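In: Everything below, folded, please.
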Amino acid sequence: MSGGVDSSVAAARLVEAGHEVVGVTMKLWGGESDTGCCSVSDVDDARRVAQQLGIDHLVFNFGDDFARDVVGPYVAAHAAGSTPNPCIECNRHLKFDRLTRRARALGFDAVATGHHARIAPRPDGAPGLARGADRAKDQSYVVHVLVEDGLDRILFPVGDSTKVGVRAEAARLGLRTAAKPDSQDVCFISSTGGRRTFLGDRIPLRAGTVVDTAGRPVGTVPAVELVTIGQRKGLGLPGGGAPRYVVDVDVAGGVVTVGDAADLLTDRVRVAGWAWSSAGAPTGPVLVQVSAHAAPRAARIDGDDVVFEVPARRVAPGQAVVVYDPTDTWVLGGATVA
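Out: Predicted coordinates:
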């Protein structure tokens, strides 16, 4: 229970269905936090909802695991010029590994979360991970790590519902989280300090030279570690011309290359660490999603390359590429851009 409306309603539905339910909130981040799902107020909201539902509420302190498996790699990735997705790593290492192992050790049958995703039989009869019913709130991208293993002990009670329906149900039940806004930001990055302060306290941030695709200097950036592929704003470039985007980041050399929209296009992206469902790697056309809110792109898989049917914008190293079947329903696998 993160303290949000989705996990609140997920718990309420399990109670209504007659399950023996215990609410659990993970204490992950002990530093400054005023965003995301790690604040003191979120823990309090989860506890009070549990009281409303008449269930026990526990807090598991997984701060050391979070620092090692999420925060540390996040900092290291930026230092190397990658753009990581810490929410995916939190799901991979904390929610669907550390928490599920703790639950199993304590004798629980399953872990349920408020994610908008579904677990249901695929066309071949095997259990599969599918998009949530509310496509605008679908979170199958960030939980794609489950596709390889672990579906048998996970429940997504709100995955068949719309977000509007979930809020209406929470209001009907009188849950204190019914109108609570969705969490949008990385929980350990404060809204006041931002990435620059967070990373600057942990690694040296170095100024970089901005060059065009011909190698001519056109400006500077105060911290090359904060620049990502596709970025347009915050580069300190003079206005008046066509928009320019980051097409390459060389942290070691302190150089950021910018170009026009056409320079961002590519027909393929190299990935590492494929994880596939039991159906294995697809051999035909697929759809791929390259960020939590991106539209799917038609593609095919060629070994460690994702080949786009139509040239598309480059994807920053460190981001996840998640593969869906041609109907855009089932998660087939995923990997990280290399």
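
In: Give the other helices and strands that the longest helix anywhere in the chain contacts.
Out: Scanning the chain for the helix with the most residues, using DSSP state H, yields helix 40-53. Helices and strands touching helix 40-53, as assessed by 3 or more C-beta pairs under 8 Å, 6 or more residues apart in numbering; DSSP states H and E, comprise helix 5-16, strand 22-27, strand 56-61. Any C-beta I mention is one placed from the backbone N, CA and C, and that applies to glycine too.

In: Going by neighbour count, list what's buried in it.
Out: Buried residues in helix 40-53, counting neighbours by 16 or more other C-beta atoms under 10 Å, are found at 42-43, 45-50, 52-53.

In: again, but for stretch 126-142
Out: 128-134, 137-142.

In: pLDDT averaged over that stretch - what is it?
Out: For stretch 126-142, mean pLDDT rounds to 95.

In: Make a markdown table from the helices and strands packed on helix 40-53 and add distance to A316 to it.
Out: Formatted as a markdown table, these follow (distance: least, C-beta to C-beta, whole Å):
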| stretch | distance to A316 |
| --- | --- |
| helix 5-16 | 28 |
| strand 22-27 | 28 |
| strand 56-61 | 32 |
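
In: Nearest to V227, out of the ones you listed?
Out: strand 22-27 (31.7 Å; C-beta to C-beta).

In: Tell me which strands the closest one pairs with, and in which orientation.
Out: Strand 22-27 has the following sheet partners, assigned by DSSP bridges: strand 56-61 (parallel).

In: pretty sure V71 contacts I189?
Out: No. Counting by C-beta atoms under 8 Å, V71 sits too far from I189 to count as a contact (10.2 Å).

In: that older thread, and which of the buried residues of stretch 126-142 is nearest to V290?
Out: Y141 (9.1 Å).

In: Secondary structure class of that closest one, three-state.
Out: coil (DSSP: H, G, I helix; E, B strand; the rest coil).

In: Neighbours of the residue lying closest to G81 once chain neighbours are set aside, how many?
Out: Distances taken as C-beta to C-beta, 6 or more residues apart in numbering place V251 nearest to G81, at 3.6 Å, with adjacent residues excluded. By the criterion of other C-beta atoms under 10 Å, V251 has 17 neighbours.

In: V251: what's it in contact with?
Out: By C-beta atoms under 8 Å, 6 or more residues apart in numbering, the contact set of V251 is 79-81, 208, 224-225.

In: Filter these down to the buried ones.
Out: Neighbour-count burial (16+ other C-beta under 10 Å) is assigned, among the contacts of V251, to 79, 81, 208, 224-225.
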